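**Q** Task: produce atomic coordinates for the following.
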Amino acid sequence: MSSSDPIIFYDIASGPPVHPYAPNPWKARYALNFKRASFVTKWVDLSEVTSTRKSLGLDPVRFFSNGEPFYTLPAIKDPSTNTLVGDSFDIAVYLDKKYPSSPSLFRDSVGLYAAFNAHMDTTFTTGAALCAEAFPFNSETAGKSKAEFCRRAGVKTWDELVVRGEKRKPILDTLEAAMGDAAKYFRFSDGPFIGGKEADYGDIIIGGWLMMLSHTVPEWKEIREWHGGLWGRLHDALEPYRGTW
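**A** Here you go, the predicted model:
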């Protein structure tokens with residue numbers, strides 16, 4: 001393969017019109033664009049994520065509490081180096097090494113960013129239940145995808161996972177408090193990024209989750225304004241790294 005062959009980026013497709021929405025694929029998409037990498041998107045329906053990952057020969061990197069493997073995306077395949085990478089954080093590390101002439105994603109030790117990534121995943125998943133109501137399923141495969149979510153959650157129907165009306169407020173309050181703790185990372189910054197005027201992978205980690213909220217949570221406009229509008233400013237400032245799809 002030629003060194004000019006683009007990276008193949010496996011992303012989870014929403015229902016039509018197809019657009020990226022999942023947080024970890026968004027971390028990878030932001031990183032690819034930040035590093036100005038040449039890539040093409042291979043869209044994968046939610047119902048085909050497990051089979052796609054298995055067909056690539058990629059082991060799972062996440063597991064459910066009962067030890068069952070959780071097959072997910074993103075993944076990249078780099079034809080120029082015959083490399084497969086199947087985790088958003090590992091993708092960022094790979095890209096930073098492959099494209100040393102472009103700005104670095106990591107201003108400090110990779111280990112610190114790995115810990116920050118885990119912390120932010122815990123922070124934002126406190127609001128995961130808010131996403132079910134407006135989840136962007138593909139209507140043609142929604143039944144299959146919903147059934148799999150229900151199986152994982154140990155419930156019988158999708159309606160048991162959807163939180164509506166006043167029941168959403170306690171979850172929003174919990175998420176706001178968790179994000180308030182995350183806002184402390186910006187306390188020495190003149191913004192819009194953690195380090196000031198220049199983005200790095202820490203901002204991308206949060207940005208991936210903000211994209212998920214913006215696509216799946218009806219209260220996104222409210223969330224944008226939490227903590228003095230911090231999250232809306234960060235979300236908007238990452239726009240140059242979104243690219244097209």
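**Q** pLDDT weak spots in this protein?
**A** Along the chain, segments meeting pLDDT under 70 span 1-3.
**Q** residues making contact with stretch 108-122?
**A** Stretch 108-122 is contacted from outside by 89, 92-93, 106, 182, 201-202, 205-206, 209, using Cβ atoms under 8 Å, 6 or more residues apart in numbering. C-beta: built from backbone N, CA, C; applies to glycine.
**Q** and it, which residues are buried?
**A** Within stretch 108-122, the residues scored as buried using 16 or more other Cβ atoms under 10 Å are 113-114, 116-117, 120.
**Q** Over to stretch 149-160?
**A** Residues of stretch 149-160 classed as buried under the neighbour-count rule (16+ other Cβ under 10 Å) are 150, 158.
**Q** quick check, distance from it to the centre of its chain.
**A** 22 Å (Cα atoms, centre = their mean, to the nearest Å).
**Q** Near the spatially closest residue to residue 162 that is not a sequence neighbour, how many other residues are there?
**A** Spatially, and ignoring its direct neighbours in sequence, residue 162 is nearest to residue 132 (4.7 Å; Cβ to Cβ, 6 or more residues apart in numbering). When counting by other Cβ atoms under 10 Å, one arrives at 19 neighbours for residue 132.
**Q** Doesn't residue 132 belong to a helix?
**A** Yes: Residue 132: assigned to a helix according to DSSP: H, G, I helix; E, B strand; the rest coil.
**Q** correct me, but it touches residue 163?
**A** Yes: counting by Cβ atoms under 8 Å, a contact exists between residue 132 and residue 163, whose distance comes to 6.8 Å.
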